[in-house]
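A.B. asks: Need coordinates for the following:
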Amino acid sequence: MYDTLIIGAGHNGLIAAAYLAKAGRKVCVLERRDVLGGCATTEELHPGFRFSPAAYVVSLLLPEIIDDLRLREHGYEVLRRDPSSISFDGNGNHLVLGHDAEKNHESIARFSARDAEALPKYERMLTRIAERIEPLLRTVPLQVPTPDRATGLTKKVATLLDGARTANLLKNLLYDDPGAMEVLTGAADRILNRWFESDLLKATLATDAIIGAFHAPSSPGSAYVLLHHVMGAAGGARGVWGYIRGGMGGLAAALRKVCDELGVEIRTGVTVERILVEDGAACGVMTSAGKVRARSVASNIDANNTLVKMLDPTHLPDGFVERVKAIDYASASGKINLALDGVPDFGIDPRLLRGTIHTTPDIAYIERAHQDAINGSYSREPVLEMTMPSIVDDTLAPPGRHVMSIFVQYAPYHLSDGRRWDDEKQAWIDTCLDTLQRFAPDIRRRILFTHALTPVDLERTYGLTGGNIMQGAMHLHQLGPARPLLGWSDHRTPVERLYLCGAASHPGGGVMGACGRNAAREILKDL
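C.D. replies: Sure thing, here's the model as predicted:
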């Protein structure tokens, strides 16, 4: 019998498995697909071209995970991108941002001398807040008592201590920087408009506030998403994003080697159909290959799939299933991957395309794109966040050829007027390529192969309810003590020895690994 069965071999599941095995536990990971990594994979979708079909850059992965699991020794390597981004305004102008402060100043000053002076101060402001918030990512959040969570005296004392620590951290943060409250709860556009005047710079920064979220820069809470995306340092410095050599699956490959060394058993091509419960506690799973027993079960998939689809509702408190079903999985993200016969002609030195390519001229453009999605349609002029990792990583495509990753917003899961994504998919792809063609006129004749993931495809392929890449929207009411639900933010569930270890739990989405690491610590306490 295993000590822990883990459902899903996404990066959080593999990290949890590694930490449990490192502590001497017997662990088995079950993965429905034939490839490891969940949304962070490398796959040869076209002969000779290796894609990262879903997740495409890394920065948030916790440094202690890299060190604890010796990932670098097992082949994990992050390739720095410089410049880190280039943004086009559609009028022949472009803004380049990178790691050289002098060059950034020079590039921004062509649009606004005031903004060139302001950007370093803005980045220091976000850094101060991020440094105060980051300790909360590494711990279980404050537990809020609820009717369906009975707690004994020990747990109540722990809750009070957690509350006191959290309150003290927030008190010190707000005392040192009263503007932090707006960053944690407010709208990104208000902050960006106060700091800057250049439309192109504001639009470039605003993309970090909307990635993976069904909201606009003017939406309350969008500023936290902006902060969330500048917390990491896995790219070599805070807020710097990088490519993993060999594609995003390079992380899963390194984690597999770690797990193999630690004795973790990993089975692919195995579908978990039901979580087994005896005497109120999880005792294993029923799979497509038969029953597998364990002392505990940890799910790397979202709360809806775990607690509604895989579990008999009689094992849950009255009304709990309804609470889970009420989790917001609103999504408006899609992904297009292209194999190209060369670098598209953006009218600039191709070396400037090493980082993220933006074609968003101003925040108003993003707001219009969002409004289309609110009305039940994919954006007529979508927000495109593009990368060409093969410019930096020669392992991804044949010489002289390239892969392009296009993260698209907004593409709502639910289309209006009864339309189906399977019928609309090609028209959506054409709309995205029409938008890109304005900036790279030769893009269509460069394309050798197209692979696209609509929100429905994301759900089918990766088991993401509603196509939500964060396993639940990263809105304020679904963060910290409320992730995934109030009273259940410590990775546990109403079923004893059944845990959540993926992005559905605190601190949420992104290739961070904190969910898996934190869950492993809680599982070890119980075991």
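A.B. asks: Now do the contacts for residue 182.
C.D. replies: 190, 191, 223 (C-beta atoms under 8 Å, 6 or more residues apart in numbering). From N, CA and C alone the C-beta is placed, and that goes for glycine too.
A.B. asks: was I right about the last one contacting residue 184?
C.D. replies: In this case it means residue 223. Yes. Applying C-beta atoms under 8 Å, one finds residue 223 in contact with residue 184, separated by 7.3 Å.
A.B. asks: between the two, which one's more packed in?
C.D. replies: Per other C-beta atoms under 10 Å, whichever of residue 223 and residue 184 has more neighbours is residue 223, with 26 against 18.
A.B. asks: and the gap between that one and residue 365?
C.D. replies: Residue 223 sits 19 Å away from residue 365, going by C-beta to C-beta, to the nearest Å.
A.B. asks: Please apply the same query to residue 183.
C.D. replies: 23 Å.
A.B. asks: what does residue 432 give?
C.D. replies: 14 Å.
A.B. asks: Equivalent analysis for residue 277, please.
C.D. replies: Separation of residue 277 from residue 365 (C-beta to C-beta) stands at 50 Å.
A.B. asks: Same question for residue 302.
C.D. replies: Computed as C-beta to C-beta, the residue 302 to residue 365 distance reads 31 Å.
A.B. asks: again with residue 452
C.D. replies: Going from residue 452 to residue 365 by C-beta to C-beta gives 22 Å.
A.B. asks: For the closest residue to residue 387 other than its chain neighbours, which three-state class applies?
C.D. replies: Nearest residue to residue 387, sequence neighbours excluded (C-beta to C-beta, 6 or more residues apart in numbering): residue 405, at 4.8 Å. What DSSP: H, G, I helix; E, B strand; the rest coil gives for residue 405 is strand.
A.B. asks: what's the residue lying closest to residue 401 once chain neighbours are set aside in contact with, if anything?
C.D. replies: Once flanking residues are discounted, residue 401 sits nearest to residue 341: 5.7 Å by C-beta to C-beta, 6+ apart. If you count contacts by C-beta under 8 Å, 6+ apart, residue 341 has them with 400, 401, 446, 448.
A.B. asks: quick one: the strands in the stretch 51-200 of the chain?
C.D. replies: According to DSSP state E, counting those that start in this stretch, the stretch 51-200 of the chain carries its strands in the segments 78-80, 85-88, 94-97.
A.B. asks: Which one, of those strands, ends up nearest to residue 142?
C.D. replies: For the strands of the stretch 51-200 of the chain, proximity to residue 142 was assessed by C-beta to C-beta; strand 78-80 is nearest, at 32.7 Å.
A.B. asks: what mean pLDDT does that closest one have?
C.D. replies: When pLDDT is averaged over strand 78-80, the result is 93.
A.B. asks: Next: stretch 256-272.
C.D. replies: For stretch 256-272, the per-residue pLDDT averages 98.
A.B. asks: What residues sit buried inside it?
C.D. replies: 256, 257, 258, 259, 262, 264, 265, 266, 270, 272 (16 or more other C-beta atoms under 10 Å).
A.B. asks: chain center to that stretch: distance?
C.D. replies: In terms of C-alpha atoms, centre = their mean, to the nearest Å, the centre of stretch 256-272 is set 23 Å apart from its chain centre.
A.B. asks: Give the bridge partners for the residue nearest to residue 387, please.
C.D. replies: Beta-bridge partners of residue 405, counted by DSSP bridges, are residue 337, residue 387.
A.B. asks: and it, what is it in contact with?
C.D. replies: 51, 52, 56, 335, 336, 337, 386, 387, 388, 389 are the contacts of residue 405 under C-beta under 8 Å, 6+ apart.
A.B. asks: could you dump those to a markdown table with pLDDT and distance to residue 312?
C.D. replies: Converted to a markdown table, the contacts of residue 405 look like this (pLDDT from 0 to 100; distance: C-beta to C-beta, whole Å):
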| residue | pLDDT | distance to residue 312 |
| --- | --- | --- |
| 51 | 98 | 39 |
| 52 | 97 | 37 |
| 56 | 95 | 38 |
| 335 | 98 | 35 |
| 336 | 98 | 39 |
| 337 | 98 | 39 |
| 386 | 98 | 45 |
| 387 | 98 | 43 |
| 388 | 98 | 48 |
| 389 | 98 | 44 |
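A.B. asks: Format those residues as JSON lines; extra columns: neighbour count.
C.D. replies: Shown next, in JSON lines, are the contacts of residue 405 (neighbours: other C-beta atoms under 10 Å):
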{"residue": "51", "neighbour count": "28"}
{"residue": "52", "neighbour count": "28"}
{"residue": "56", "neighbour count": "26"}
{"residue": "335", "neighbour count": "24"}
{"residue": "336", "neighbour count": "22"}
{"residue": "337", "neighbour count": "22"}
{"residue": "386", "neighbour count": "24"}
{"residue": "387", "neighbour count": "24"}
{"residue": "388", "neighbour count": "24"}
{"residue": "389", "neighbour count": "29"}
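A.B. asks: quick check, nearest of those residues to residue 504?
C.D. replies: residue 335 (20.3 Å).
A.B. asks: hang on, residue 129 packs against residue 223?
C.D. replies: No. Assessed by C-beta under 8 Å, residue 129 is found out of contact with residue 223, at 10.0 Å.
A.B. asks: what sits in contact with each of these two?
C.D. replies: The contact sets of residue 129 and residue 223 overlap at 183, 184 (C-beta under 8 Å, 6+ apart).
A.B. asks: low-scoring stretches of the stretch 351-500 of the chain, by residue?
C.D. replies: The stretch 351-500 of the chain contains no residues with pLDDT under 70.
A.B. asks: all helices of it, in order?
C.D. replies: Here the stretch 351-500 of the chain has its helices, by DSSP state H, counting those that start in this stretch, at 363-374, 421-437, 443-446, 455-462.
A.B. asks: Repeat that for the stretch 1-150 of the chain.
C.D. replies: 11-22, 63-68, 101-109, 113-137.
A.B. asks: closest one to residue 457 among these?
C.D. replies: Residue 457 lies closest to helix 11-22 among these, at 20.3 Å (C-beta to C-beta).
A.B. asks: Need the CA coordinates for the closest one. PDB is fine.
C.D. replies: The C-alpha coordinates for helix 11-22 follow below in PDB (Å, rounded to 0.1, in the frame of the first residue of the first chain):
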ATOM      1  CA  HIS A  11       4.300  20.200 -11.900                       C
ATOM      2  CA  ASN A  12       2.600  20.700  -8.500                       C
ATOM      3  CA  GLY A  13       1.800  17.000  -8.300                       C
ATOM      4  CA  LEU A  14       5.300  16.000  -9.100                       C
ATOM      5  CA  ILE A  15       6.700  18.500  -6.600                       C
ATOM      6  CA  ALA A  16       4.400  17.200  -3.900                       C
ATOM      7  CA  ALA A  17       5.500  13.600  -4.700                       C
ATOM      8  CA  ALA A  18       9.100  14.500  -4.600                       C
ATOM      9  CA  TYR A  19       8.800  16.200  -1.100                       C
ATOM     10  CA  LEU A  20       6.800  13.300   0.300                       C
ATOM     11  CA  ALA A  21       9.300  10.700  -1.100                       C
ATOM     12  CA  LYS A  22      12.200  12.800   0.200                       C
END
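A.B. asks: Which pLDDT value belongs to the residue nearest to residue 401?
C.D. replies: Value for residue 341, per-residue pLDDT: 98.
A.B. asks: With distance to residue 122 and mean neighbour count added, can I get the strands of the stretch 51-200 of the chain in a markdown table?
C.D. replies: Formatted as a markdown table, the strands of the stretch 51-200 of the chain follow (distance: least, C-beta to C-beta, whole Å; neighbours: other C-beta atoms under 10 Å):
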| stretch | distance to residue 122 | mean neighbour count |
| --- | --- | --- |
| strand 78-80 | 22 | 19 |
| strand 85-88 | 15 | 22 |
| strand 94-97 | 12 | 21 |
